[in-house]
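1. What would the 3D arrangement of this be:
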Amino acid sequence: MCFRYRRASLRSNRKWHIGLAMALLTTVVIVCAPTTQAQEVARDDVVPERPKIIPNRRWEEDWSVLADPRVKREPLDRLKYIPLSRRHPKAYLSLGFTLRERLEVDHSPFFGTVAGLKGEWLLSRLEVHADLRLGKHVQVFAQVQSAFAPGKKVLAPVDQDRLDLEQGFIRLTERLGGGTVTLRVGREVMDFDLQRFISSREGRNLRQAYDAVYLDYRRSVWRVTTAYTQPVQTRDRRSFDDYSSHHQTFGGLLIRRRLWQTSQLSISHSRYTRDAATFISVSGNERRSNIDVRFTGTRNGFDWDIEAMNQTGRIGAKTQH
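-> Coordinates of the predicted model:
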């Protein structure tokens, strides 16, 4: 479980958040109380270490170590590890939630030129997730979110989404050619390299999700990643109405090679499309391509980050170089 609290006071329209989380947890405790945990003990004498909660990447947590009875137990572990098979400790269901409260104070946005924006408000985000593992190779992850901005008079698209699917994907992992290949398909939050083009937008109240196909291959010093995504747009007219469209897409290929233990060379190509884009001086279908070369590392007390990028494209009939 993860609970992060930042200077804030509870308000009435946020009680729904707490109620939803507690109702879910109470229901699962009642349903899962009779479940017997798998008692498979590791063959060696080393006691596995409990995984750490990763607030912004809950799908990366692996709670199968709780199949070992020697691992120290903590409250609500019955929710973190619900075994599906005695013989296969990595087949399990894990449940959890993340509640983030953030108080913002802004007394002079846009230097006071726009009326009604200043003030104090609370950014409240509740995420509830279920992580199903069917052995070492298959994962099904689902996460719903509810976000509010009490006290904020002018809401931005990233401030509020009363109830929607934030993530829902299937991940397949397999050994291939001496390396490991990972395929994810579905709605997911992701970061890509320096997060200039694909970012989870963690600082905002609503994170950026993508309906995507993601493929990653790692072998020795090499890593090759490719993805095709459609950014999810927040609507918030009713529950579960966020959407994506082929009218706005981003995809690319990223190749990385570790040169030494502390340095890396990467080369990427990406493609962004948006139909019916409108700017001050031009409008039309937007098409952009980027080629990027980056060399980073640290050695002997020095660190460096050298990068070159070239972007080409067009908006309507106007080309760009």
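2. what about this protein, any weak spots by pLDDT?
-> In the predicted model, the chain carries pLDDT under 70 at residues 1-44, 116, 193, 321.
3. Repeat the analysis, applying 50 as the threshold.
-> 1-18, 20-42 (pLDDT under 50).
4. all strands for it, in order.
-> In the chain, the strands defined using DSSP state E lie at 2-5, 82-83, 91-106, 119-134, 138-148, 161-176, 179-188, 210-219, 222-231, 248-260, 263-278, 283-299, 302-315, 318-320.
5. Against residue 273, how distant is the residue nearest the centre of the chain?
-> In the chain, the centroid-proximal residue (C-alpha atoms, centre = their mean) is residue 189; its distance is 3.1 Å. Distance check for residue 189 against residue 273: by C-beta to C-beta, to the nearest Å, it reads 21 Å. The way it works is simple: take the backbone N, C-alpha and C, and place the C-beta from them, glycine included.
6. again, but for residue 166
-> 24 Å.
7. Comparing those two, which shows the higher neighbour count?
-> Between residue 166 and residue 273, counted using other C-beta atoms under 10 Å, the more crowded position is residue 166 (24 against 18).
8. if you skip the residues just before and after it, what's nearest to that one?
-> What sits nearest to residue 166 in space, not counting adjacent residues and going by C-beta to C-beta, 6 or more residues apart in numbering, is residue 145, at 4.1 Å.
9. Ok, which of the strands of the chain comes nearest residue 56?
-> Of all these, strand 91-106 sits nearest to residue 56, with 8.5 Å by C-beta to C-beta.
10. tell me the angle that closest one makes with strand 119-134.
-> Orientation note: strand 91-106 sits at an angle of 170 degrees relative to strand 119-134 (axes from the mean of the first three to the mean of the last three C-alpha atoms, to 10 degrees).
11. Quick one: neighbours of the residue nearest to residue 166, just the number.
-> So residue 145, with other C-beta under 10 Å, has 22 neighbours.
12. pretty sure it contacts residue 168?
-> No: using C-beta atoms under 8 Å, residue 145 is not in contact with residue 168; the gap is 11.4 Å.
13. ok, what's across the strand from residue 227?
-> residue 214, residue 252 (DSSP bridges).
14. quick one, what contacts residue 242?
-> Residues in contact with residue 242 (C-beta atoms under 8 Å, 6 or more residues apart in numbering) are 161, 164, 165, 209, 232, 233, 234, 235, 236.
15. Nearest spatial neighbour of it, chain-adjacent residues omitted?
-> residue 164 is the one closest to residue 242 (C-beta to C-beta, 6+ apart), at 4.8 Å.
16. buried ones in stretch 250-265?
-> For stretch 250-265, a neighbour-count test (16 or more other C-beta atoms under 10 Å) marks 250, 251, 252, 254, 256 as buried.
17. distance of the last one from residue 304?
-> What it means is residue 256. Taken as C-beta to C-beta, the span from residue 256 to residue 304 is 16 Å.
18. The second one now?
-> Distance, residue 251 to residue 304, by C-beta to C-beta: 29 Å.
19. cool, the first one as well?
-> Note on residue 250: its distance to residue 304, by C-beta to C-beta, is 28 Å.
20. what do you get for residue 104?
-> 36 Å.
21. Which of those two has more residues huddled nearby?
-> A direct count of neighbours by other C-beta under 10 Å for residue 104 and residue 304 places residue 104 higher, at 16 against 10.
22. Spatially, what comes nearest to that one if we skip its sequence neighbours?
-> Residue 104 sits nearest to residue 121 (C-beta to C-beta, 6+ apart), 5.8 Å away.
23. which residues are contacting stretch 48-63?
-> 1-2, 4, 42, 65-66, 68, 70-72, 74, 80-81, 92, 94, 96, 98, 100, 127, 129, 131, 133, 139, 141, 143, 167, 171, 189, 200, 202, 207.
24. hang on, the earlier thing: please name the bridge partners of the residue nearest to residue 242.
-> residue 145.
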